[in-house]
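# I would like to see how this sequence folds:
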Amino acid sequence: MSRPLSATEQVSTLRDQIRAHDHAYYVLDQPRISDAEYDHLFRQLQQLEAEHPDLVTPDSPTQRVGGAPLTQFPEVTHRVPMLSLANAFSENEVEGFDRRICELLGVDSVDYTAEPKLDGLAVSLSYEAGLLVQAATRGDGQSGEDVTSNVRTILSVPLRLNPAAPDLLQVRGEIVMPFAGFELLNQQQTAAGEKPFVNPRNAAAGSLRQLDPRVTATRPLAFLAYGIGDLSGALPETQFDLLQQLRLWGLPVSPLVARVTGIAACMDYYARLGQRRAGLPYAIDGVVYKVDRIAQQQKLGAVSRAPRWALAHKFPAEEAETVVNQIDVQVGRTGAVTPVARLRPVFVGGVTVTSATLHNQDEIRRKDLRVGDTVVVRRAGDVIPEVVRVVTARRPAEAVPFVMPENCPVCGAGLTQAEGEAVLRCPDGLACPAQLHRTLTHFASRKAMDIDGLGDKLIEQLVATGMVRTLADLYHLKPPQLASLDRMAEKSAENLFQALRASRQTTLPRFIFALGIRNVGEATALALARYFRTLDALMEADLDELERVADVGPVVAASLREFFQEPDNRRVIGELLAAGIRWPEMPVQPEEASPLAGKTIVLTGSFSLPRTELKARLQSAGARVSGSVSAQTDFLVVGEKPGSKLERAKTLDVVIVTEAQLVELIATPGGADQTSV
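Now for the predicted structure:
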């Protein structure tokens, strides 16, 4: 007679059974038991773990839903960059790609792995010893956001891989929302009085970036793997074999992946997948071709931000006919006044389109577009709706030509047009409520002043009530004023007040970016801060000196000079500084390469220097600052009362340094290495 199983053995057996059924359902698409039987197994495991809490492990199927909501997503640096793909929109472009590949490899034909181009959100999953330890979004390709807690709630993402999986595996793939789940989610949104999502991709992205993992757990998300970033051990010989290996390790892979030879087979796959597109359970917007042999991929390498060995062949933009009900104009953050066609709702490419950009008056004249016209609308690149052409044969007699207004539709200022530009602009700057609204939204964004809780709806109220007329007014708001706004309780008001206080301590690159200067993005702001080191030096620079900065050409230099010569802009900057905005001094750039250049660094504990200053110094030395420790971390900087990051760093053999050692290392010109700390 066999002995009864211990609680440990029962838990282990149930977990193995549930993982096997998850694999069969989500990876193989071959469910082996009914939903009721699966629920019975799951409840058994939950009960045993409740009775024996010491047996609960992070990889248990019951531990998918995270705990308390996050306050923000920490930054993650990708050890291996997540590259983008070059796009092709015609057969000629694909033929050119194939011809270049054959010439570079010196062969007559090439084998490719062909697969659907999934229309979702790219992520990187890191597994160590078979366990999911981190999930990150693509971000800018070099760094993304840590969304581990949310990804753990997605049932098709295995928390533990099969035993044969390598010790280290970084999987690249796509988070998607199947059409059936998308429709159900929008029904729930509408029933709850919330705004429905525009399309499955936006729904997937919004669901994955919920600060509360419990919300993500309610969203019908799915994951499909399409490649790797890194792994320990040998690579399979081909891309196709790699995908089959990922499936064997327990990861879901599209069943539509195929190996094809030559351009004719690529085009045949493209045509067949295009015919099946409408019947697929999830959205795709094209086909991806990848050189099949890994050795050939490595030989071809990458150019700029894209691999030479891969190409995305996009499907044609979908078109539909509708009617222009009216034409409005909207005012952007930089004062650009853009005409927008308001359309009779029409379903195009999986989305109900109600408006489309018309760019400028010249474009309207060129297309001879009038209010009341029947038009062909296209989702350009399956994203931005645009009017392709007017169906003049169906023009009604009462169709009205459109003329751009002479004055700003929001503030009434006379519109201006710079020489050589087709765009009309409102010259009133922040005195125009529309520009103020959009400027405030940019100013508060995460990569600018990072004012948590200051969203679009709240900004709309602050502008409408007159509480905020300039950027500096934000820093004079008090909790009682904020609490008087709609949907703002006392606690929310206090949280926003504290977020505003915290944002006063920033960095010079962030402040320059936050000002919203036309043509000045985040990278340009950093380059300007490193070159000039002080705001005064930047504000007084002439065009010649501005153009000496890397990546600053005549157009950007002119935008900068124009911005800083405007008295109202200088006044607003002075008000912001008077309101207490400060940043640490930018360090002098060393002549030799910093030993921290290219290194990934994590901070834990409290320091004598403000974190913003430490981060600014590290970034100026060429380092990347991440919010979480992983196998890709080069240094952990430990202050007083360090958190759990310290123990994780020890487990992963990450180099640990003190604040004093870090400051010394930052000041050390090239030549140092990890042994110096």
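
# quick one, helices of the stretch 201-350 of the chain?
213-216, 239-248, 262-276, 294-300 (DSSP state H, counting those that start in this stretch).

# between those, which one is nearest to Asp568?
helix 213-216 (41.7 Å; Cβ to Cβ). The C-beta positions use only the backbone N, C-alpha and C, and glycine is treated the same way.

# could you list the buried residues of the closest one?
Buried residues in helix 213-216, defined by neighbour count with 16 or more other Cβ atoms under 10 Å: Pro213, Thr216.

# quick one: list the elements packing against it.
Contacts defined by 3 or more Cβ pairs under 8 Å, 6 or more residues apart in numbering; DSSP states H and E place helix 213-216 against helix 148-151, helix 200-208.

# would a markdown table of the ones you listed with mean pLDDT be doable?
Formatted as a markdown table, these follow (pLDDT from 0 to 100):
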| stretch | mean pLDDT |
| --- | --- |
| helix 148-151 | 92 |
| helix 200-208 | 88 |
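
# how close does Arg214 get to Arg64?
10 Å (Cβ to Cβ, to the nearest Å).

# so what sits against both of the two?
Thr153 (Cβ atoms under 8 Å, 6 or more residues apart in numbering).

# in the stretch 1-150 of the chain, which ranges drop under the pLDDT threshold?
1-2, 25-29, 35, 65-71 (pLDDT under 70).

# quick one: the strands in the stretch 101-250 of the chain?
Remark: strands assigned in the stretch 101-250 of the chain by DSSP state E, counting those that start in this stretch are 111-118, 121-128, 131-137, 143-145, 168-176, 222-231.

# just put the ones you listed in a markdown table and tack on distance to Thr534 and mean neighbour count.
Below are the strands of the stretch 101-250 of the chain laid out as a markdown table (distance: least, Cβ to Cβ, whole Å; neighbours: other Cβ atoms under 10 Å):
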| stretch | distance to Thr534 | mean neighbour count |
| --- | --- | --- |
| strand 111-118 | 46 | 23 |
| strand 121-128 | 38 | 22 |
| strand 131-137 | 34 | 21 |
| strand 143-145 | 27 | 20 |
| strand 168-176 | 41 | 23 |
| strand 222-231 | 39 | 21 |
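
# okay if I get these as a markdown table plus distance to Ala192?
Formatted as a markdown table, these follow (distance: least, Cβ to Cβ, whole Å):
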| stretch | distance to Ala192 |
| --- | --- |
| strand 111-118 | 28 |
| strand 121-128 | 23 |
| strand 131-137 | 27 |
| strand 143-145 | 27 |
| strand 168-176 | 23 |
| strand 222-231 | 23 |
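
# so which of those is nearest Lys478?
strand 143-145 (32.1 Å).

# ok now that closest one, how far from the chain's centre?
Strand 143-145 sits 8 Å away from the centroid of its parent chain (Cα atoms, centre = their mean, to the nearest Å).

# what helices or strands is that strand leaning on?
Using 3+ Cβ pairs under 8 Å, 6+ apart, strand 143-145 is in contact with strand 75-77, strand 131-137.

# in a markdown table: those strands, plus distance to Val123.
Formatted as a markdown table, the helices and strands packed on strand 143-145 follow (distance: least, Cβ to Cβ, whole Å):
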| stretch | distance to Val123 |
| --- | --- |
| strand 75-77 | 11 |
| strand 131-137 | 6 |
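
# for Gln10, find the nearest of the ones you listed.
For Gln10, the closest of the helices and strands packed on strand 143-145 is strand 131-137, at 21.4 Å, according to Cβ to Cβ.

# got the angle for the closest one vs strand 121-128?
For strand 131-137 against strand 121-128, the angle by axes from the mean of the first three to the mean of the last three Cα atoms, to 10 degrees is 150 degrees.

# among the helices of the stretch 201-350 of the chain, which comes closest to Ile517?
So among those, helix 213-216 is nearest, using Cβ to Cβ, at 35.7 Å.

# re earlier: can I get the helices of the stretch 201-350 of the chain in CSV with distance to His40 and mean pLDDT?
CSV is the format used below for the helices of the stretch 201-350 of the chain (distance: least, Cβ to Cβ, whole Å; pLDDT from 0 to 100):
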stretch, distance to His40, mean pLDDT
helix 213-216, 24, 87
helix 239-248, 28, 96
helix 262-276, 36, 94
helix 294-300, 44, 94
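
# so which of those comes closest to Lys314?
Once those are compared by Cβ to Cβ, helix 262-276 is nearest, at 10.0 Å.

# next one: the closest one to chain centre, how far?
30 Å.

# buried set for it?
Ile263, Ala265, Cys266, Met267, Tyr269, Tyr270, Leu273.

# same thing with stretch 540-560?
For stretch 540-560, by 16+ other Cβ under 10 Å, it's Ala541, Leu546, Val549, Val552, Val556, Ala557, Ala558, Ser559, Leu560.

# neighbours of the nearest residue to the first one once chain neighbours are set aside, how many?
Nearest-residue entry for Ala541: Phe532, 6.6 Å, with adjacent residues in sequence omitted and distances by Cβ to Cβ, 6 or more residues apart in numbering. The criterion is other Cβ atoms under 10 Å. On that basis, Phe532 has 20 neighbouring residues.

# hmm, back to that, nearest to Gln187, out of the helices and strands packed on strand 143-145?
strand 131-137 (27.2 Å).

# which elements pack onto that closest one?
So strand 131-137, by 3+ Cβ pairs under 8 Å, 6+ apart, packs with strand 121-128, strand 143-145, helix 148-151.

# save these as JSON lines, and put in distance to Gly335 too.
Formatted as JSON lines, those follow (distance: least, Cβ to Cβ, whole Å):
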{"stretch": "strand 121-128", "distance to Gly335": "33"}
{"stretch": "strand 143-145", "distance to Gly335": "31"}
{"stretch": "helix 148-151", "distance to Gly335": "38"}
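
# closest to Arg172 out of those?
strand 121-128 (5.5 Å).

# tell me the angle of the closest one relative to strand 222-231?
50 degrees.

# strand 121-128 to helix 200-208, inter-axis angle?
Using the same axes, to 10 degrees: strand 121-128 against helix 200-208 is 40 degrees.

# please save the CA atoms from stretch 169-176 in PDB.
Extracted C-alpha coordinates of stretch 169-176, given in PDB (Å, rounded to 0.1, in the frame of the first residue of the first chain):
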ATOM      1  CA  LEU A 169      17.600  33.200 -21.400                       C
ATOM      2  CA  GLN A 170      16.300  36.600 -22.600                       C
ATOM      3  CA  VAL A 171      13.300  36.100 -24.800                       C
ATOM      4  CA  ARG A 172      12.000  38.800 -27.100                       C
ATOM      5  CA  GLY A 173       8.300  38.800 -28.100                       C
ATOM      6  CA  GLU A 174       5.100  40.700 -28.300                       C
ATOM      7  CA  ILE A 175       2.200  41.300 -25.900                       C
ATOM      8  CA  VAL A 176      -1.000  41.300 -27.900                       C
END
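
# what pLDDT, on average, does it get?
For stretch 169-176, the mean per-residue pLDDT is 96.

# list of residues touching that stretch?
Stretch 169-176 is contacted from outside by 79-80, 82, 118-127, 151, 154, 161, 200-201, 204, 208, 221-232, 246, 249, 251, 282-283, using Cβ under 8 Å, 6+ apart.

# if we can go back for a sec, which one, of the helices and strands packed on strand 131-137, ends up nearest to Val353?
strand 121-128 (21.9 Å).

# tell me the strands beside the closest one, with direction?
Strand pairing for strand 121-128, determined by DSSP bridges: strand 131-137 (antiparallel), strand 168-176 (antiparallel).

# can you redo the ones you listed as CSV with distance to Ala472?
Shown next, in CSV, are these (distance: least, Cβ to Cβ, whole Å):
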stretch, distance to Ala472
strand 131-137, 33
strand 168-176, 40
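
# quick one: which of the ones you listed is nearest Glu494?
Nearest of the strands paired with strand 121-128 (Cβ to Cβ): strand 131-137, 30.4 Å.

# just the strands from the stretch 551-677 of the chain, written as ranges.
600-604, 624-626, 635-638, 655-658.

# mean pLDDT for these: which is lowest?
Minimum mean pLDDT among these: strand 624-626, a mean of 76.

# what's next to that strand, contact-wise?
Contacts of strand 624-626 (Cβ under 8 Å, 6+ apart): 74-77, 142-143, 598-603, 615, 618-619, 633.
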